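Enquirer: Quick one, fold the following:
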Amino acid sequence: MKIAIIGQQDFGKAVLEAFLARKDEVAGVFCAPEKPGAKADPLRAAAQEKGLKVFQFKSLRDAEAHEALKGLKVDIGIMAYVLQFAPDTLVKLPRLGTIQYHPSLLPKYRGPSSINWPIIRGDTRTGLTIFRPTEGLDEGPVVLQKECDIGPDETIGDVYFNKLFPMGVKTLLEAADLVAAGRYKETTQDESQASYEGWCREAEARIHWAHHVDFVYNLIRGCNPAPGAWTTLNGKKLQIFDARKRLARRYADVKGKVGEVSDVTEASFKVTAQGGAIEVLRARGEDGKKVSGGEFARAAGITSGSMLGT
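Expert: Numbers count the residues shown, from 1 in each chain. The predicted structure is shown next:
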C-alpha cells in the first residue's frame, strides 16, 4: 500500500513507524511547521531520519500542498493527529481518499479536547473513531470505531497513553486495510447524538471549590497532565495534578469551609469541597516544579485553615 501521512507529534510518529514496520510504502509526510524556537516535531524528525519526503506547509489549503500530494500518487491518505484544516479538495486526492483518527466515539465530543471532556463529565466509557474527513469538523462518515473504559480514577494521561494512543495506531492500520480491500462500510454520523466542545484550556481548568467534590475530582483528572487543573493560594496560581477524592459520609465528617485546607500530612494536603474533600498528592506553583502535596504545602506555608481559591 502506498500512503501519505498527514500529522504531527508522537502519535504521528508512531503511526509512521507502524506502517513502515509492515513494509507499506510511505511516499511522503505532511507536518505542520514548528513555531520559532520550538523543538523538532517528532514526526518530522523521524521521517527525515528515514529519508522520506517531508512537506511543511503553513496551510493545507495552499495550491502547493495540493500539488505535492497529487504528485505522490498514493493509494490512501492517513491523518494522524492533525491540527491544520485539510479541505475536501486535498483529502480526496489519494486514489482511495483519506481516513482520519479522532479520540472519541463520534459524533460525541467533536472538537480539539475530546479526551478531556468525557473524563471531566464523569463518563465511564470513551473510544476512538476512524472517519472520512470532510469540511465539517469531525463530521465525516465513520469507517471504524473502538471503545474502552474510563476507570473511576484514571486521568487523561492514563486514558490517552495507555488506551487511545496504542489502540489508535492499530486501528488506523486496520481501517487502511479495510479501505484498500473494499471491505468496509461508511456510516453517516447521527446528528441527534452529536456534541461539539472547544478547547479545554486554562479558563476551563479552573477549580471551583463550591462545586461538588465529584465534579472537582473529575476536572482534576480530566486535566492531568494537561492543561492542569488550578486554583489560587494567596493570589498565586496553584496547579493540582495527582489527587484522591474523599467523600463525606456524615455531617460530622465535614471539616472546615469550602476551599479550606483541613489537613496537611507528610505526603499531601486536603481541601474541602461540597460532599467531601480533595486530597492533593502532587502540585505545582507558578514558578516551581511538580512536587508532592506535602512538600508543596511545607514550602508554601499551607496549614490547616489556609484558604484556596481566594
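
Enquirer: give the contact list for N218.
Expert: Shown here is N218, whose contacts under the criterion C-beta atoms under 8 Å, 6 or more residues apart in numbering are I119, I120, R121, G122. C-beta: built from backbone N, CA, C; applies to glycine.

Enquirer: Next, work out how far apart the second one and Q8 are.
Expert: Put plainly, it is I120. Computed with C-beta to C-beta, to the nearest Å, the distance linking I120 and Q8 is 25 Å.

Enquirer: Which members of the contacts of N218 come out as buried by neighbour count?
Expert: Among the contacts of N218, those classed as buried by neighbour count (16 or more other C-beta atoms under 10 Å) are I119, I120.

Enquirer: which residues in the stretch 51-200 of the chain form helices?
Expert: 63-72, 88-91, 116-120, 156-159, 165-181 (DSSP state H, counting those that start in this stretch).

Enquirer: What number of residues are in the vicinity of the residue lying closest to T188 once chain neighbours are set aside?
Expert: If you skip the residues right next to it in sequence, T188 has P141 as its closest partner in space, 5.4 Å away by C-beta to C-beta, 6 or more residues apart in numbering. Burial of P141, expressed as a neighbour count using other C-beta atoms under 10 Å, amounts to 14.

Enquirer: Could you pull up the residues touching P141?
Expert: Contacts of P141 were listed using C-beta under 8 Å, 6+ apart, and they are F131, R132, E186, T187, T188, Q189.

Enquirer: again, but for T155
Expert: Taking C-beta under 8 Å, 6+ apart as the criterion, T155 is in contact with I119, R221, G222, N224, P225, D242.

Enquirer: I'd like to know which elements the helix or strand containing E295 is packed against.
Expert: When secondary structure is defined by DSSP states H and E, E295 falls within helix 293-300. Helices and strands touching helix 293-300, as assessed by 3 or more C-beta pairs under 8 Å, 6 or more residues apart in numbering; DSSP states H and E, comprise strand 261-264, strand 269-273, strand 276-280, strand 282-285.

Enquirer: Next one, pLDDT for the residue nearest the centre of the chain please.
Expert: When the chain is reduced to its mean C-alpha position, the closest residue under C-alpha atoms, centre = their mean turns out to be I115, at 4.7 Å. At I115 the predicted local distance difference test score is 98.

Enquirer: Just to check, it is in contact with L164?
Expert: Yes. Taking C-beta atoms under 8 Å as the definition, I115 is a contact partner of L164 at 6.5 Å.

Enquirer: any shared contact partners between the two?
Expert: Counting by C-beta under 8 Å, 6+ apart, the contacts common to I115 and L164 are P103, T126.

Enquirer: Please name the bridge partners of A273.
Expert: G276 (DSSP bridges).

Enquirer: Residue most distant from the centroid, the protein?
Expert: Relative to the centre of the chain, and counting by C-alpha atoms, centre = their mean, the farthest-placed residue is A252 at 39.5 Å.

Enquirer: Quick check, pLDDT for G288.
Expert: Among the per-residue scores, G288 holds a pLDDT of 87.

Enquirer: To what extent is F57 buried, counted in neighbours?
Expert: 18.

Enquirer: The one 5 residues further on now?
Expert: D62 sits with 12 neighbouring residues when counted by other C-beta under 10 Å.

Enquirer: The one 10 residues further on too?
Expert: Around L72 there are 19 other residues, counting by other C-beta under 10 Å.

Enquirer: where does the nearest residue to it once chain neighbours are set aside land on pLDDT?
Expert: By the measure of C-beta to C-beta, 6+ apart, the closest residue to L72 outside its immediate chain neighbours is A27, 4.2 Å from it. In this prediction, A27 carries a pLDDT score of 98.
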